[in-house]
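Q: Output the structure for:
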Amino acid sequence: MKKWESVLCREAYLLLFIIIALILIEGCTEESKVDTSAAQRNLQLGWKQYNAGKYTEAVLSFERSTNLDESISDAYNGLGWAKLSTSQNPVLNLSVVEEAMADFSEAIKRDDKNADAWVGLANTLFLRRLNQSDFEKAIKAIDIAMQQANQEYLYRHDYQSEAELHALKSACYFYLNDKSSAKAEMNATLKIKPQNQTVVALRQLM
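A: Numbering: from 1, shown residues only. Below is the predicted model of the structure:
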């Protein structure tokens, strides 16, 4: 092979390599594109399924939303609530509670003003109740939800008013054996909802 033919051959191989590399880079870029509109559609579908009691379907929709756009806090939040609901059908599954706790934590990482995620985290801590610190952290999470976070996230599902949040705090204080604080939260609950079942049950135990 002549010298100039050898040079052309090397240049042809180099050009082919560059073309293949560009194709691969383009393919990776296409795959990694964030599809926010599709993520939002799955987020809305997930909440619709959740509110209809279709928790397994909701988990799938919320997961699709996080896969399409991992920045959406409320998708991880919805995933946590959906898993938390499936964990209690028919009995509490603590491993699923742990998964839900991780989802709520992910939601808070992406938006620490997501009050609903703070309430979800408080619920999982209360349900896990490994030690006293779980109750203490749950109380702190509720306080953040009520005082520091975005109130627009609250009261969209499951818990309908501030009464339920005070009731959860009263239960936490009860298990911490802080009866005075528990009673204060009970009174705050009853001012809003006189027949709150959690407080009625706790009163019988005190």
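Q: any idea of the mean pLDDT for the helix or strand hosting residue 140?
A: With elements taken from DSSP states H and E, the one containing residue 140 is helix 132-147. Summarised as a single mean, pLDDT over helix 132-147 is 98.
Q: now the helices: where do they sit in the chain?
A: Under the criterion DSSP state H, the chain contains helices at 3-32, 36-51, 55-68, 73-86, 94-110, 115-128, 132-147, 162-175, 179-192, 197-205.
Q: Out of those helices, flag the one nearest residue 153.
A: Each of these has some distance to residue 153 by CB to CB; the shortest is helix 115-128, at 4.1 Å. All C-beta atoms are positioned from the backbone trio N, CA, C, and that covers glycine.
Q: Enumerate every residue touching residue 136.
A: Applying CB atoms under 8 Å, 6 or more residues apart in numbering to residue 136 gives the contacts 172, 176.
Q: rewinding a little: what's the least confident stretch among the helices of the chain?
A: Across these, helix 3-32 gives the lowest mean pLDDT, at a mean of 51.
Q: Give me the domain ranges for this protein.
A: With domains defined by automatic domain parsing, the chain comprises 34-154, 160-206.
Q: From the chain's centroid, how far away is the last one?
A: In this case it means domain 160-206. Computed by CA atoms, centre = their mean, to the nearest Å, the chain-centroid distance of domain 160-206 equals 25 Å.
Q: how many neighbours does the closest residue to residue 87 other than its chain neighbours have?
A: If you skip the residues right next to it in sequence, residue 87 has residue 96 as its closest partner in space, 3.7 Å away by CB to CB, 6 or more residues apart in numbering. Residue 96 is surrounded by 18 other residues when neighbours are defined as other CB atoms under 10 Å.
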